[in-house]
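# this is a predicted model, with the sequence first.
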Amino acid sequence: MPQKKKKVVKESMTFAKIMKDFPETIEVLLEKGMHCIGCPAAISETIKQGAEIHGLDVKELVKEMNDKIEK
């Protein structure tokens, strides 16, 4: 039986995709001060772009979001 591919957050994903596919990660974004998740720019902005704008380490942010998904 083929193994099901695990869904994970990637830094190239847009905030819109994250909010749709991984709503549990919104809490992580809010804790990091990324309150722009409801902003119109978030529709096309990637996690990497948002992290850079907010001065966050994108790799650490993505790790925290994926850890949240696994819980």
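Yes, it's here.
# which ones are touching Glu24?
Contacts for Glu24 were tallied using Cβ atoms under 8 Å, 6 or more residues apart in numbering; they are 68-69, 71. Using the backbone N, CA and C atoms, a C-beta is placed for each residue, glycine as well.
# pLDDT and secondary structure added to those, as a markdown table?
Output for the contacts of Glu24, formatted as a markdown table (pLDDT from 0 to 100; DSSP: H, G, I helix; E, B strand; the rest coil):
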| residue | pLDDT | secondary structure |
| --- | --- | --- |
| Lys68 | 94 | helix |
| Ile69 | 93 | helix |
| Lys71 | 82 | coil |
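# can you select the buried ones from those in PyMOL?
Remark: buried members of those, expressed as a PyMOL selection using 16 or more other Cβ atoms under 10 Å:
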select buried, resi 68
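# export the contacts of Glu24 to CSV and tack on distance to His35?
Output for the contacts of Glu24, formatted as CSV (distance: Cβ to Cβ, whole Å):
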residue, distance to His35
Lys68, 17
Ile69, 21
Lys71, 23
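# what ranges does the protein have for its strands?
Ranges of strands in the chain, per DSSP state E: none exist.
# poorly predicted segments of it, please.
Applying pLDDT under 70 to the chain picks out residues 1-5, 36.
# one more time with 80, if that's ok
In the predicted model of the chain, residues 1-6, 35-39, 41-42 satisfy pLDDT under 80.
# can you show me the helices along it?
Ranges of helices in the chain, per DSSP state H, are 15-21, 26-31, 47-53, 58-70.
# ranking those helices by burial, who's on top?
helix 47-53 (a mean of 18; mean count of other Cβ atoms under 10 Å).
# keeping just the C-alphas, turn that helix into PDB.
Taking C-alpha atoms only, helix 47-53 is exported to PDB below (Å, rounded to 0.1, in the frame of the first residue of the first chain):
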ATOM      1  CA  ILE A  47       5.300  32.800   4.300                       C
ATOM      2  CA  LYS A  48       8.900  33.700   3.400                       C
ATOM      3  CA  GLN A  49       8.000  37.200   2.400                       C
ATOM      4  CA  GLY A  50       5.900  37.700   5.500                       C
ATOM      5  CA  ALA A  51       8.700  36.400   7.800                       C
ATOM      6  CA  GLU A  52      11.200  38.700   6.100                       C
ATOM      7  CA  ILE A  53       8.900  41.800   6.600                       C
END
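# please consider this matter closed, and thank you.
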